[in-house]
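Sharing a sequence plus its predicted fold:
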Amino acid sequence: MINFKLDSDNKKISVEMKLKGEVDNIYFEIGKYNIFKEGEKLFIEIKELDTNREWMNVAIANFIPSKRFEIPAKYEKVLEIAL
C-alpha cells in the first residue's frame, strides 16, 4: 500500500497500491460507506467503489454482488480511533 486516506466526515476512503505485475499504481475510491454492528460482529457496507482499471470495475460489478463485508474483530479498536 502506497497511500491510504480516510475521510470519515464525507464517508470516503482512498487507497493507492502497487500490485505485483502492474506497471502503474492502482487507485481505489470507496464512497458512501457505512460501518455498523450486528450483534457482536462489525461490518462495512460499500455503496460506491471505483478504480482506475476498467477491468477491475467490471469484475467488481459482475462478481461482487454484495458489497457488505465483515471486519475482523482485531481491527475494531483501530476503527473506533479513526472514526
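Yes, it's here.

who does the longest strand along the chain touch, helix- and strand-wise?
With secondary structure taken from DSSP state E, the chain has its longest strand at strand 26-38. With contacts taken as 3 or more CB pairs under 8 Å, 6 or more residues apart in numbering; DSSP states H and E, strand 26-38 sits against strand 12-17, strand 41-51. All C-beta spots, glycine's among them, are computed from the backbone N, C-alpha and C.

who are the neighbours in contact with the spatially most central residue of the chain?
Closest to where the C-alpha atoms of the chain average out (CA atoms, centre = their mean) is I30, at 5.4 Å. Contact partners of I30, counting by CB atoms under 8 Å, 6 or more residues apart in numbering, are 12-15, 46, 48-49.

re the thing from before, what angle sits between the longest strand of the chain and strand 12-17?
Interaxial angle of strand 26-38 relative to strand 12-17 (axes from the mean of the first three to the mean of the last three CA atoms, to 10 degrees): 130 degrees.

Parallel or antiparallel, which strands does strand 26-38 pair with?
Here strand 26-38 has these sheet partners by DSSP bridges: strand 12-17 (antiparallel), strand 41-51 (antiparallel).

Worst mean pLDDT among those?
Mean pLDDT is lowest for strand 41-51 among these, at a mean of 90.

After that one, which helix or strand is next?
Using DSSP states H and E, the next helix or strand after strand 41-51 towards the C-terminus is helix 54-63.

still on that earlier bit, for the residue lying closest to the residue nearest to the centre of the chain once chain neighbours are set aside, grab the count of nearby residues.
Distances taken as CB to CB, 6 or more residues apart in numbering put I13 closest to I30, at 4.1 Å, once the chain neighbours are dropped. Number of residues near I13 (other CB atoms under 10 Å) recorded here: 17.

Can you give me the distance of I13 to E40?
I13 is 24 Å from E40, where distance means CB to CB, to the nearest Å.

who's the residue nearest to K67 when sequence neighbours are not counted bridged to?
Closest residue to K67 apart from its sequence neighbours, by CB to CB, 6+ apart: I46 at 4.0 Å. I46 has the following beta-bridge partners by DSSP bridges: Y33.
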